[in-house]
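Pasting a predicted model and its sequence here:
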Amino acid sequence: MQFPSGGRPRAATSAAGLAALLALLLSGCVGPPLPTDRELVTTDPKLIGIPARDKVLWQYRLGLQALRAGRDAEARERLDDAILTMGGIITGTADAARARSLWAAEGAKTFIGEPYERAMAYYYRGILYWRDGQPDNARACFRSVQFLDSAAEDASYRGDYVLADYLDGLASVKLAADGADARARAEKSAGRELPEYDPAANVLVFAEWGRGPLKYADGQAGEKLRFNLADSAARRAVLTVAGQAVPLPPYDDLNFQATTRGGRVMDYILDRKAVFKDQAGTLGDVALTGAIVTHEVGRGEDKDKAALALAAIGLISKVASGAANASADTRAWDNLPQYLGFAALRLAPGEYPATLRFYSAEGRVLSAHTQELVIRVREGGAGDTVVFLSELAKNPQ
Amino acid sequence: MNSRIRSFSCAGLAFGALSLAGCYSPGVENPSGVPVVEMRPDERGFVAGTGVESQDLVAVTDKMARGILGVPEIAQAKTTPRIVLDPVINETRFPINKDIFNDRIVNQLMERAGGKVRFLARDRMKALERENELKRSGQVTASSDPNVVEFRGADYFLTGKLQGLTTRTSQGTSDYVMYSFELIDARTSEIVWRGSSEIKKQGLEDAAYR
């Protein structure tokens, strides 16, 4: 590009300076690091080195890992800590405002997860409450699962966790209340008849298998949140104990739950950011092309000055487009299962060797996944024996 | 020179427009969310509530303790009534520490009643029975005959329940929680006192989480 005679170096320097200033100002719009960006201050060796905004994510992962390993106290502590942040209503935080701004990715906010992730934190906490002899608090957790699922765009997918409603009803029956409504809701969501409640069932078996949804960003600017779904080879499980073959059909599929939420308000914001990014880029292209054309074919003594102005606008637009960040948040609770199964049975107090087998859709035993275990049934009056079985405990991610 | 100033003014304007466009979230209502506000239960809210918090616990247990101490069966009892606490039943969607409700009511009653009521530590029965067993077997000393049962029976049972209603719309979340407690005569099964307290809260989370 030719610059007005005698003005080239100064004009070029000014344009470059303006671009640098713009880049600085745009980065300033993101603002200085927030407390949530800093490394978490903790004495917990498992959380050292993570940014504070990812604490809930790690508490989810580590809590589930602890539950699968039978470290209930640790699981309880981690899930409670996550629920403390996730269970409230987050308003007016600087990191959330920044995530909504043009210049920062959604991942700049404090992580609490998508509704299916938050729901699972309550689900696991509910299992632990039941194990601790507090079926009413377990029921509260299962009710929170349905509450968190109640924001789905399509009303038919709202509060449609089958197991959460089914367990709500079972807890009510155990507490000498009426569980019929909850069971009816569960059957409606399942589209099939579910086992009758047995108030005398003293062993509750929770099973999970398959790998849950992961996230990725799609779209030109990475603004679309998408899920990576891998369908488990295992479709159902059967527990063999005390001469009984106890079926553990899948009540819920987390792949289904993750993908049926529909549009988020944040998706709308990300779309607008992507549009801005795209339009600013286009404006930049047009202005820069205009600058060249004006310079090459323009007339009049001010043509080079006009070209310079267009070039500056084009440069600014390109820098703004480059600085805009519409990326969706792809942080995910990545050790969740795909399927949730359940069964309630009666067993006298004592120890029972048991075998957990997983079956493919064709009914073939997936022998590599088979688990041998011992179920220790509590004395009567000590509350229900809650058994938690995870395929992922044997095959962790 | 004037042209250059005009050029950079244009550029500045473009930059300003771009920056302003980027610094707020267009087209989203209440992008920062609406802080949780506490309302009277009979007040019409724009949405409905959220969870059980310490200030609720304090307000509710204070009210319940005052109510219990005003009951004639307690206030005018000729012999000190013995009360057994039954854990509260949680029917809300919020998991709670149930012991804390009973513990605080006991604390309040013990502080305010000046010995007018006594509570029986039924949750410690295993340890107490074990101690009695040790006394009976002579392994530890006893200040009274260990073969005589001295565990007191209850005159009253105090129990409670938390019930909740939740509403969720695009305008936010609202939770109404009713805390009800009752004092039951252990001999006649009569409910001699019943008190309740209601709290309703509502809020809307930041758009980044919606």
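Structure received.

Tell me where chain B has strands.
Counting by DSSP state E, one finds strands in chain B at the ranges B:34-39, B:82-85, B:89-91, B:118-120, B:156-169, B:172-185, B:191-204.

For residue B:60, give me its contacts.
Contacts for residue B:60 were tallied using C-beta atoms under 8 Å, 6 or more residues apart in numbering or on different chains; they are B:101, B:179, B:197, B:199. For the C-beta atoms, the positions are set from N, CA and C on the backbone; glycine is no exception.

Per-residue pLDDT of the last one, please?
pLDDT, the model's per-residue confidence, is 90 for residue B:199.

That one - how many residues pack around it?
As a burial measure, residue B:199 scores 23 neighbours (other C-beta atoms under 10 Å in any protein chain shown).

Quick check: it touching residue B:165?
No: in this structure, residue B:199 sits apart from residue B:165 without contact. The criterion is C-beta atoms under 8 Å, and the distance is 11.6 Å.

Overlap in contacts, these two.
With contacts taken as C-beta under 8 Å, 6+ apart, residue B:199 and residue B:165 have residue B:176 as neighbours in common.

Show me the shaky parts of chain A.
For chain A, the stretches with pLDDT under 70 are A:1-30, A:394-397.

Using the three-state scheme, assign the residue of it found nearest chain B.
In chain A, the residue that lies nearest chain B is residue A:102 (2.8 Å; C-beta to the nearest C-beta). What DSSP: H, G, I helix; E, B strand; the rest coil gives for residue A:102 is coil.

Just give the number of residues close to it.
By the criterion of other C-beta under 10 Å, residue A:102 has 27 neighbours.

now do residue A:154
Neighbours of residue A:154 (other C-beta under 10 Å): 11.

for it, what are its contacts?
Residues in contact with residue A:154 (C-beta under 8 Å, 6+ apart) are A:260, A:262.

got the phi/psi numbers for it?
Summarising the backbone geometry of residue A:154 under the convention degrees, to the nearest 10, its torsions are phi -90, psi 120.

Likewise for the one 4 residues further on?
The phi/psi pair for residue A:158 (degrees, to the nearest 10) reads phi -80, psi 130.

Pretty sure it sits against residue A:115.
No: the pair formed by residue A:158 and residue A:115 falls short of the contact definition of C-beta under 8 Å, at 10.2 Å.

shared neighbours of these two, anything?
When C-beta under 8 Å, 6+ apart defines a contact, the residues bordering residue A:158 and residue A:115 alike are A:149, A:151-152.

ok, and the closest non-adjacent residue to residue 151?
Just going to use chain A. Excluding the flanking residues, the one nearest residue A:151 by C-beta to C-beta, 6 or more residues apart in numbering or on different chains is residue A:115, at 6.3 Å.

um, chain B though
Once its chain neighbours are removed from consideration, residue B:151 has its nearest residue in residue B:128; the separation is 7.1 Å (C-beta to C-beta, 6+ apart).

Relative to residue B:62, how far out is residue A:210?
Distance of residue A:210 to residue B:62, computed by C-beta to C-beta, to the nearest Å: 50 Å.

quick one: which of the two has more around it?
Neighbour comparison, residue A:210 and residue B:62: the larger count goes to residue A:210, with 22 against 15 (by other C-beta under 10 Å).

Spit out the contact partners of the spatially most central residue of chain B.
With distances taken as C-alpha atoms, centre = their mean, residue B:57 lies nearest the centre of chain B, 3.8 Å away. If a contact means C-beta under 8 Å, 6+ apart, then residue B:57 has B:100-101, B:104 as its contacts.

So which of the residues you listed sit within helices?
Within the contacts of residue B:57, residues falling in helices by DSSP state H are B:100-101, B:104.

Confidence-wise, which of those comes last?
residue B:101 (79).

mind checking the backbone torsions on the residue lying closest to it once chain neighbours are set aside?
The shortest distance from residue B:101 to any residue that is not its chain neighbour, by C-beta to C-beta, 6+ apart, is 4.9 Å, and that residue is residue B:88. Here the main-chain torsion angles of residue B:88 (degrees, to the nearest 10) amount to phi -70, psi 150.

Understood, closing this out.
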